[in-house]
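Engineer: Give me a 3D structure for the following:
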Amino acid sequence: MTLPEVEAPARQEAGRPLEVVTARHPLRWLAAAGVLVVLAMAASALITNPAWEWEVVGQYLFAPSVVRSVLLTLELTALGIGLGFALGTVLALMRLSPNRLLSSVAFGYVWLFRSVPLILQLLFWYNLALLYPRLSVGVPFGPEFFDFGTMDLVGPLTAAVLGLALHQAAYAAEIVRGGLLSVDAGQREAAAALGLPPGRRLVRIILPQAMRTIVPNAGNEIIGLVKGTSVVYIMALPELFYQVQVIYNRNGRVMALLLVAALWYLALTTVLSIAQHCVERHYGKGRA
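Structural biologist: The predicted structure is shown next:
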């Protein structure tokens, strides 16, 4: 039995070809027009309102004191991320270790430093001398080899780096652990079957695949830390946010100086976002 033939439309029977009619989306166009109007209103408010004081923004945007504060912000970010991910990688490997003591210590570290706000950690390290006026090196519960004053060792910059790095390490540990767990167990078994030593297995087989998962989250952490360095203003370190506060407290141009800080943060995060995209494309090669 054959299926009945479907009758062609009347236009096709008349010898005219079928026409392709593009679907219309009037609501989509209305939404786009509404967004365009809102953007135009926002641009007008920024350009025509003299209270923004764009001439003051241009005057201080590349002022030497502001540029130095941007460099300090980048230094704090680089040290916090570098030390944080180095320690976080060690903690991630400890969490994945079959040794219960190592995994428990790593879990306790992550739990503690993720539970305490960053500003409290910074204040703790900044005031460490109140708890331990002198630090010593020696045998626990035994003789001391030498000691030194805490104030001489832990200054404001050191306290800021310690606080940022130790806080960041707790989040980095979970990012790295999640990336390592995302690699299929068959990859580990295949590398072990080839007789590769554990260290080489990790560096050459597991990490390159784990980076596909690690990089997006790590990029978000780096961008977040660029803005998070503003918390160290409580230590009177002349990073970007603190420096613009000093300037507008002196000249009273509050909104203009806040806009200077916003433009610098936008520039820094934009550059980091582009770098993150390039790194993601590099590690995403060969993915189906």
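Engineer: helix or strand right after whichever strand or helix holds Leu71?
Structural biologist: Using DSSP states H and E, Leu71 sits in helix 64-95. Next helix or strand after helix 64-95 toward the C-terminus (DSSP H and E): helix 100-115.
Engineer: And the next helix or strand past that following helix?
Structural biologist: Following helix 100-115 in sequence order, the next helix or strand is helix 118-126 (DSSP H and E).
Engineer: how about whichever helix or strand comes after that next one as PDB, C-alpha atoms only?
Structural biologist: The helix or strand immediately downstream of helix 118-126 is helix 128-131, counting by DSSP H and E. Below are the C-alpha coordinates for helix 128-131, written out as PDB (Å, rounded to 0.1, in the frame of the first residue of the first chain):
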ATOM      1  CA  LEU A 128      49.300  40.500  64.700                       C
ATOM      2  CA  ALA A 129      51.800  42.300  66.900                       C
ATOM      3  CA  LEU A 130      49.100  42.700  69.500                       C
ATOM      4  CA  LEU A 131      49.000  38.900  69.900                       C
END
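Engineer: Okay, buried residues for helix 128-131 please.
Structural biologist: 128-129 (16 or more other C-beta atoms under 10 Å). Heads up, the C-betas are built off the backbone N, CA and C, glycines and all.
Engineer: swap in stretch 125-138?
Structural biologist: 125-126, 128-129.
Engineer: Mind putting these into CSV with distance to Ile222 and pLDDT?
Structural biologist: Below are the buried residues of stretch 125-138 laid out as CSV (distance: C-beta to C-beta, whole Å; pLDDT from 0 to 100):
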residue, distance to Ile222, pLDDT
Trp125, 21, 90
Tyr126, 24, 89
Leu128, 27, 84
Ala129, 31, 82
